[in-house]
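everything below, folded, please.
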Amino acid sequence: MKKALFLDRDGVINLDYGYVHTVEAFEFVPGILDCIRRMQERGYLPIVVTNQSGIGRGYYGREDFERVTAAMLEEMRRAGIAISREQVFFCPHTPEEGCGCRKPQPGMLREAIRRFGIDPVASVMIGDKTSDIEAAEAAGVGRTLLVEKNGPIDCDKID
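Coordinates of the predicted model:
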């Protein structure tokens, strides 16, 4: 079984200014690309799990999310990270919809675990909200790291 590096998007991968939905507004958190690449070199499969309630609220569409995702993945690949669109899971629902995929529910993580044959106990979740950590714990992820929103991430604290 594989081990995964589960990553929240807004506030962990990119600077979170609220409902980031354009390529122009998307900026990587300093050091995150190096961190993901280093973790991948240690055998972790990077998996993005992101709540995107802006879609459900009508602030932007799925097409906007897909454009930003494509640009994010391309930049990750340029940085030496092997990642595909299939490794990005998102929940478009609002909190009021009560779905099982919106963190703190574990649906996205469980789907990734199933789809990629991941050993959750050997995996890690990096998030900037307690809901990220709660979702990971509910999915059986062995280690979690709660980081400051938009702050640098110390990869050495992970493995």
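
could you tell me which residues within the strand ranked longest in the chain count as buried?
Determined from DSSP state E, the single longest strand within the chain is strand 44-51. Residues of strand 44-51 classed as buried under the neighbour-count rule (16 or more other Cβ atoms under 10 Å) are Y44, L45, P46, I47, V48, V49, T50, N51. No exception for glycine: its C-beta is placed from N, CA and C like everyone else's.

try stretch 95-112
By neighbour count, with 16+ other Cβ under 10 Å as the criterion, the buried positions of stretch 95-112 are C101, R102, K103, P104, Q105, P106, G107, M108, L109, R110, E111, A112.

for those residues, which one is nearest L33?
A112 (20.4 Å; Cβ to Cβ).

just to revisit the earlier point, strand partners of the longest strand of the chain, parallel vs antiparallel please.
Take DSSP bridges as the rule and strand 44-51 pairs in its sheet with strand 3-7 (parallel), strand 88-91 (parallel).

from the chain's centroid, how far away is the next helix or strand after the last one?
This points to strand 88-91. Proceeding N to C from strand 88-91, the next assigned helix or strand is helix 107-116, under DSSP states H and E. On the basis of Cα atoms, centre = their mean, to the nearest Å, helix 107-116 is displaced by 13 Å from the centre of the chain it belongs to.

tell me the mean pLDDT over helix 107-116?
Summarised as a single mean, pLDDT over helix 107-116 is 98.

same for that helix, what does it pack against?
strand 3-7, strand 44-51, strand 88-91, helix 130-138 (3 or more Cβ pairs under 8 Å, 6 or more residues apart in numbering; DSSP states H and E).

at 6 Å instead, please
Using 3 or more Cβ pairs under 6 Å, 6 or more residues apart in numbering; DSSP states H and E as the contact criterion, the neighbours of helix 107-116 among helices and strands are strand 44-51.

can you give the distance of the very next helix or strand once past the strand it packs on from its chain's centre?
Downstream of strand 44-51, the first helix or strand assigned by DSSP H and E is helix 53-56. In terms of Cα atoms, centre = their mean, the centre of helix 53-56 is found 16 Å from the chain centre.
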